[in-house]
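Asks: Just need the structure, nothing else, for what follows:
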Amino acid sequence: MARYVGAIDQGTTSTRFMVFDREGRVVAAAQKEHRQIYPEPGWVEHDPLEIWERTQEVIREGLGRAGLTGEDLAALGLTNQRETIIVWDRRTGRPYTNALVWQDTRSNAICQELTAEGGPDRFRDRTGLPISTYFSGPKLRWTLEQVPGVRQAAERGEALFGTVDTWLLWWLSGGPEGGVHVTDVTNASRTLLMNHATLDWDPEILAILGIPRAMLPAIRPSSDPDLYGTTRPDGPLAAAVPLAGALGDQQAALVGQAAFAPGDVKNTYGTGCFVVMNTGERRVLSRHGLLTSVAYRMADEPAVFCLEGSIAITGALVQWLRDNLGIIQSSGEVERLARSVEDSGGIYFVPAFSGLFAPHWDSRARGLLIGLTRYVNRGHLARAVLEATAYQTEEVLRAMRQDSGASLAELRVDGGMVANDLLMQFQADLSGIPVIRPQVAETTALGAAYAAGLAVGLWDGRETLQRLWREDRRWQPTWGEAHREEALRGWLRAVERAMGWLEA
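Replies: Presented below is the predicted three-dimensional model:
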């Protein structure tokens, strides 16, 4: 029996391929970036064919580094940037246009129209989501209306729609030559098109948005013993490997953190931050600006739900310091620069570059740096950048406590920014709970591997995965309650001033 499981982690800025053994340890990894395309203000695109090329390259490179072949893999799992959409020709595999990335706001007018007719929460009871440019459905309607020939192709049955998981699964299983057209329930739950009660596409919402159902993929469990399909022997794995697991990236991180109990919370610190709380089979509709999604569905078990707070700009703010201002030469320098001062010097940086996500959901907010005096220097700015990530996270954690009624015991963290000890300590101080980093910080790929491995019997259940989870480091809070509240009060004052900046 093959001893390993592979995972594709297709993210906003890069694609990674990793191989894990039965103990959940990394045995191979490769990663490559892809272009970020900005045709107009507020528009964010990726080239779908470039993503497919990068995926093939990292698979071959990762296997080659470890001296493995596709025959060594018991299964392949996939995790992906969510809400990003691709529409392509089923006969040729050619996209009709670039992928519209989750950050893209070109569907704003469509969202305003939908909101005017029924309010921002008109679909929340069924989908768990407010109407927003963030989600896939409005992006798909924009594509059908604005890209020449797409609606006609969809009505002829020639155009296929999918999020990035669907796109890659289709190509991996054969593409135009019999590729499977599927998505998993977690990705489907982020489209604004799936009904939580049925775990299927909602016909009324499809009719309102004018989306032909025939172009949508079939919705499958996150871990599927019946398999999505198998990879083609003439593909990058050069073997017929079962495609057995798929999860949206943040749900994959929850699974990779073995956060299987109701009340477990994880935060992934990447381009943005994504705080996710497992609520079990209980579906909690938020009253405090959070999203309700499917956390995972294993085989034919009931779906498990989650509350999520999505934060648009966190790690991207460090990149902005590097690329736009030139204050640092590499992202890793930000901690050293921030440690050159004792605090932020009284400044707050609200990174609402494209509006604010949870818990405010204000598309008219814009970035704000406030509290400046002649005393402030580069170090204070670097520190305020890191603190902005922790402040936004704490706002979401407070909303989760209010919505769920649960008290949080700890925060499990992962993603690129968790290597920053200063940020992790500030998070623990601000939130008043331990912050815990696992030994495998890239839990998104691990979660995809777990989903696939469970499906083919490489692991016998979630209890085994909980035993495999291993702590690397823990940060304990040191602030008192009064200190935490005073710091957050200043942040909230700054956020209030950033909101509603755009007049139209």
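Asks: correct me, but D47 touches I37?
Replies: Yes: taking CB atoms under 8 Å as the definition, D47 is a contact partner of I37 at 7.0 Å. (Each C-beta comes from the backbone N, C-alpha and C, glycine too.)
Asks: Mutual contacts of the two, please.
Replies: N98 (CB atoms under 8 Å, 6 or more residues apart in numbering).
Asks: Can you tell me the element W171 falls in?
Replies: helix 164-172 (DSSP states H and E).
Asks: Also V334?
Replies: Going by DSSP H and E, V334 is part of helix 333-338.
Asks: Any buried residues in that helix, and which?
Replies: 334-335, 337-338 (16 or more other CB atoms under 10 Å).
Asks: One more: stretch 52-60?
Replies: For stretch 52-60, by 16+ other CB under 10 Å, it's 52, 54-56, 58-60.
Asks: got the contact list for that stretch?
Replies: 6, 8, 10, 14-17, 30-34, 167-168, 171, 235-237.
Asks: Mean confidence (pLDDT) on it, please.
Replies: Averaging pLDDT along stretch 52-60 gives 97.
Asks: I'd say V304 and M277 touch.
Replies: No: V304 lies out of contact with M277 (CB under 8 Å); the separation is 11.3 Å.
Asks: neighbour count winner among the two?
Replies: M277 (28 against 24; other CB atoms under 10 Å).
Asks: Now do the helix or strand where the more buried one lies: which elements does it pack against?
Replies: Using DSSP H and E, M277 sits in strand 273-280. For strand 273-280, the packing partners by 3 or more CB pairs under 8 Å, 6 or more residues apart in numbering; DSSP states H and E come out as helix 249-256, strand 265-269, strand 291-296, strand 304-311, helix 378-404.
Asks: Among those, show me which one is buried the most.
Replies: When you average the neighbours per residue for each of the helices and strands packed on strand 273-280 (mean count of other CB atoms under 10 Å), helix 249-256 leads with a mean of 31.
Asks: and the angle from it to strand 304-311?
Replies: 120 degrees (axes from the mean of the first three to the mean of the last three CA atoms, to 10 degrees).
Asks: Give me the residues contacting helix 249-256.
Replies: Under CB under 8 Å, 6+ apart, the answer for helix 249-256 is 9, 11, 79-82, 186, 222, 247, 264, 266, 268, 274, 276, 278, 293-296, 306, 308, 414-415, 440, 443-448, 450-451, 465.
Asks: again, 6 Å this time
Replies: 79, 186, 266, 268, 274, 276, 295-296, 414, 443-444, 446-448, 450 (CB atoms under 6 Å, 6 or more residues apart in numbering).
Asks: just the helices in the stretch 351-500 of the chain please.
Replies: Remark: helices assigned in the stretch 351-500 of the chain by DSSP state H, counting those that start in this stretch are 378-404, 421-431, 443-456, 462-468, 481-498.
Asks: can you put those helices in CSV and add mean pLDDT and distance to Q319?
Replies: As requested, the helices of the stretch 351-500 of the chain are exported to CSV (pLDDT from 0 to 100; distance: least, CB to CB, whole Å):
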stretch, mean pLDDT, distance to Q319
helix 378-404, 95, 10
helix 421-431, 97, 15
helix 443-456, 95, 19
helix 462-468, 91, 32
helix 481-498, 96, 20
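Asks: Just send those back as TSV, with distance to L192 too.
Replies: Below are those laid out as TSV (distance: least, CB to CB, whole Å):
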stretch	distance to L192
helix 378-404	20
helix 421-431	30
helix 443-456	23
helix 462-468	29
helix 481-498	26
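Asks: residues in contact with the closest residue to E410 other than its chain neighbours?
Replies: Leaving aside its sequence neighbours, E410 sits nearest to P434 (CB to CB, 6 or more residues apart in numbering; 4.7 Å). By CB under 6 Å, 6+ apart, the residues touching P434 are 410, 474, 476.
Asks: Kindly recompute the last result at 8 Å.
Replies: Per CB under 8 Å, 6+ apart, neighbours of P434: 409-411, 428, 474-477.
Asks: what about it, distance to W469?
Replies: As defined by CB to CB, to the nearest Å, P434 lies at a distance of 15 Å from W469.
Asks: coming back round to it: how about CSV for the helices and strands packed on strand 273-280, with distance to P41 added?
Replies: Putting these into CSV (distance: least, CB to CB, whole Å) gives the following:
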stretch, distance to P41
helix 249-256, 26
strand 265-269, 27
strand 291-296, 25
strand 304-311, 21
helix 378-404, 22
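Asks: who's in contact with E395?
Replies: 309, 358-359, 491-492.
Asks: Just name the closest of the residues you listed to V350, please.
Replies: W491 (8.1 Å; CB to CB).
Asks: Excluding covalently adjacent residues, which one is nearest to the closest one?
Replies: Y391 (4.3 Å).
Asks: Also R94?
Replies: That would be W88: by CB to CB, 6+ apart, it lies 6.2 Å from R94.
Asks: avg pLDDT for the helix or strand in which the one you found is found?
Replies: Element membership for W88 (DSSP H and E) is strand 85-89. Per-residue pLDDT values over strand 85-89 give a mean of 98.
Asks: Packing partners of that strand?
Replies: Other helices and strands packing on strand 85-89, by 3+ CB pairs under 8 Å, 6+ apart, are strand 99-100, helix 136-146, helix 150-155, strand 159-163, helix 164-172.
Asks: hmm, 6 Å instead?
Replies: Here strand 85-89 touches helix 136-146, strand 159-163, going by 3 or more CB pairs under 6 Å, 6 or more residues apart in numbering; DSSP states H and E.
Asks: Pick the most deeply packed of these.
Replies: Taking mean count of other CB under 10 Å, strand 159-163 is the most buried of these, at a mean of 26.
Asks: That one pairs with which strands?
Replies: Note on strand 159-163: by DSSP bridges, its sheet partners are strand 85-89 (antiparallel).
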